[in-house]
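S.K.: with the sequence up front, the predicted model follows.
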Amino acid sequence: MRSTVKTIPGRASEIVNGRELEVADQRRPLVECLLADRAANHPEEELLSIPKFALDILVCPLCKTRVELLADESGLKCVSCRRVYPIRDDIPVMLPEEATVVEETRNK
C-alpha cells in the first residue's frame, strides 16, 4: 500500500491517505520516542523542561543578556535587568509585557 502525503498550504496539517492529520499529532510519537531513548541512554542527566541547548541561545528580549532557569523551573531570569519570564506548558514566554522584575535580596 502506497502512502500519499499532501501538504495543505497555510495550515499545520497534511492529508495522508485521504485523512487530514495535524502535523503535531504525526510528530508526537517520534518526539516521545526520542525523549524516551535519551532518558534510557543518559539516566544520569535530569531531563529539564527546557533543553540546555535552548537555554544557551535564549536571551532577554530587552537587554539581550543571557537568561538562567530559576531553581523551581517556573521562569527564566535575566542576569542583567532581573526580569523573570514565565514558563507555561514547558514553553518560555519571552514577552517583555509578561515579565516581572524581581529585586535582588542581599544577605546582611
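M.R.: Noted; the coordinates are in hand.
S.K.: all helices of this structure, in order?
M.R.: For the chain, the helices defined by DSSP state H cover 23-41, 52-57.
S.K.: just give me the lowest mean pLDDT stretch among those.
M.R.: Per-stretch mean pLDDT for the helices of the chain is lowest at helix 23-41 (a mean of 67).
S.K.: neighbours around Ala36, how many?
M.R.: Ala36 sits with 10 neighbouring residues when counted by other CB atoms under 10 Å. Every residue, glycine included, has its C-beta placed from N, CA and C.
S.K.: from Val67, how far off is it?
M.R.: 28 Å (CB to CB, to the nearest Å).
S.K.: now swap in Glu98 and tell me
M.R.: From Glu98 to Val67 the distance is 13 Å (CB to CB).
S.K.: overlap of the contact sets of the two?
M.R.: Tyr85 (CB atoms under 8 Å, 6 or more residues apart in numbering).
S.K.: which residues touch Leu62?
M.R.: By CB under 8 Å, 6+ apart, the contact set of Leu62 is 78, 81, 83, 96.
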